[in-house]
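Trainee: here are the coordinates; sequence isn't available:
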Ligand code: NAD
């Protein structure tokens, strides 16, 4: 199978490295220092136990360097680049080629489906985590199952994708319920990410009565919307689940915190702000998510002055 990863930062590089053990993988990313380091010295992947391995993978900052006939394109840009990444991926696909997104937040699947067609789109969520340590160097920050689901009942079988992922050591489960997957992860991210970025603490430090009060309100607002949309969540007690994730990822810095610290744009629009937008459409109040979103936007807007 020929696989192109569009957006080869932390997660794209991580998945690319694992899939390169069983497939032909091409990494596409405009970050030239990273691309050059991978081509010149190989991609270094460091595991949580500090062991590391080097992977020889072709990387390109110009997608025209990748030959057409790609069977699977995986979009791993930040969500605000999804449409652009899908436009890069589409002309590279073989006749039966598919596009997969494992990005966080609401709306990525819809953006890709608008460009490539729903029948060619697959979406899902992953419990793997990664951070980019520097050009050509990624850290594997956590492991867990990956769930994938077709965007439409007309999407051809995705069993072969599951098989390739499994062979690469990526535990993969096919689901038919995309909304459950996406909203299950969205609610966790909505509870943790923005608050961690605002008060600038790792996930475990959010477990204080003061922070929990805010997290619980953000989570309950999101759950009200999921309920109004008849979306079944993958857990019974959402706020308990959020606290459980904080415990399990005690020392991790949420990606939104990492973005705020390095002055990068966050994914607030597809997380808390997306909940606010859905709330407006449905006539459901989401004051906590609105306030968290406004503060993150204010932080983004004042980065250069700090
Ligand atoms: P990242 O910033 O490390 O990587 C994104 C990469 O996309 C960058 O290298 C950037 O140069 C590249 N890019 C930007 N515009 C592009 C374009 N037009 N075409 C191709 N590449 C482009 O981000 P990440 O942490 O790998 O996250 C990617 C997505 O995965 C996000 O939606 C994130 O929420 C999600 N996610 C991240 C984790 C994690 O642990 N990091 C876990 C699960 C899901």
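Mentor: Arrived safely, thanks for sending. Model, not experiment: these values are computed from the prediction.
Trainee: Flag every residue of the stretch 1-150 of the chain that's near the ligand.
Mentor: Within reach of the ligand by C-beta under 6 Å from any ligand atom, the stretch 1-150 of the chain has these residues: 6-12, 28-31, 76-79, 81, 84-85, 88, 103-104, 126, 129-130, 132, 141. C-beta here means a position set from N, CA and C on the backbone, and glycine is covered the same way.
Trainee: could you redo the last one with a cut-off of 5 Å?
Mentor: For the stretch 1-150 of the chain, the residues in contact with the ligand (C-beta under 5 Å from any ligand atom) are 6-7, 9-11, 29, 31, 76-77, 79, 81, 84-85, 103-104, 129-130, 132.
Trainee: Now, these that are in strands?
Mentor: 6, 129, 130, 132 (DSSP state E).
Trainee: among these, which two are most distant?
Mentor: Maximum pairwise distance among those (C-beta to C-beta): 19.6 Å, between 6 and 129.
Trainee: Give the residue from the two that has the larger number of neighbours.
Mentor: The neighbour comparison of residue 6 against residue 129 (other C-beta atoms under 10 Å) goes to residue 6, with 28 against 18.
Trainee: what's the closest non-adjacent residue to the more buried one?
Mentor: residue 85 (4.4 Å; C-beta to C-beta, 6 or more residues apart in numbering).
Trainee: Endpoints of stretch 82-95, how far apart?
Mentor: The straight-line separation of the ends of stretch 82-95 (C-alpha to C-alpha, to the nearest Å) is 21 Å.
Trainee: How many residues are close by whatever residue of the stretch 1-150 of the chain ends up closest to the ligand?
Mentor: Closest approach between the stretch 1-150 of the chain and the ligand, counting by C-beta to the nearest ligand atom: residue 9, at 1.8 Å. Residue 9 has 19 neighbours, counted by other C-beta under 10 Å.
Trainee: which residues does it contact?
Mentor: Residue 9 is in contact with 29, 31, 34, 76, 77, 132, counting by C-beta atoms under 8 Å, 6 or more residues apart in numbering.
Trainee: how's this protein carved up into domains?
Mentor: Listed by automatic domain parsing, the domain ranges of the chain are 2-176, 179-305.
Trainee: So in the chain, which helix runs the longest?
Mentor: helix 178-199 (DSSP state H).
Trainee: So it, near the ligand or not?
Mentor: No - using C-beta under 5 Å from any ligand atom, helix 178-199 stays clear of the ligand, with a minimum separation of 7.7 Å.
Trainee: the inter-axis angle of the helix or strand just after that helix versus helix 178-199?
Mentor: Downstream of helix 178-199, the next assigned helix or strand under DSSP states H and E is helix 209-228. Taking axes from the mean of the first three to the mean of the last three C-alpha atoms, to 10 degrees, one finds helix 209-228 and helix 178-199 inclined to each other by 160 degrees.
Trainee: Which secondary structure elements does helix 209-228 sit against?
Mentor: helix 178-199, helix 238-248, helix 272-282, helix 287-301 (3 or more C-beta pairs under 8 Å, 6 or more residues apart in numbering; DSSP states H and E).
Trainee: so of those helices, which one's packed in deepest?
Mentor: Per residue and on average, the most neighbours among the helices and strands packed on helix 209-228 fall to helix 178-199, with a mean of 24 (mean count of other C-beta atoms under 10 Å).
Trainee: packing partners for that helix?
Mentor: Against helix 178-199 (3+ C-beta pairs under 8 Å, 6+ apart) you get strand 121-126, strand 146-150, helix 209-228, helix 238-248, helix 255-261, helix 272-282, helix 287-301.
Trainee: Turn these into a markdown table, including mean pLDDT.
Mentor: Below are these laid out as a markdown table (pLDDT from 0 to 100):
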| stretch | mean pLDDT |
| --- | --- |
| strand 121-126 | 97 |
| strand 146-150 | 96 |
| helix 209-228 | 98 |
| helix 238-248 | 97 |
| helix 255-261 | 95 |
| helix 272-282 | 98 |
| helix 287-301 | 97 |
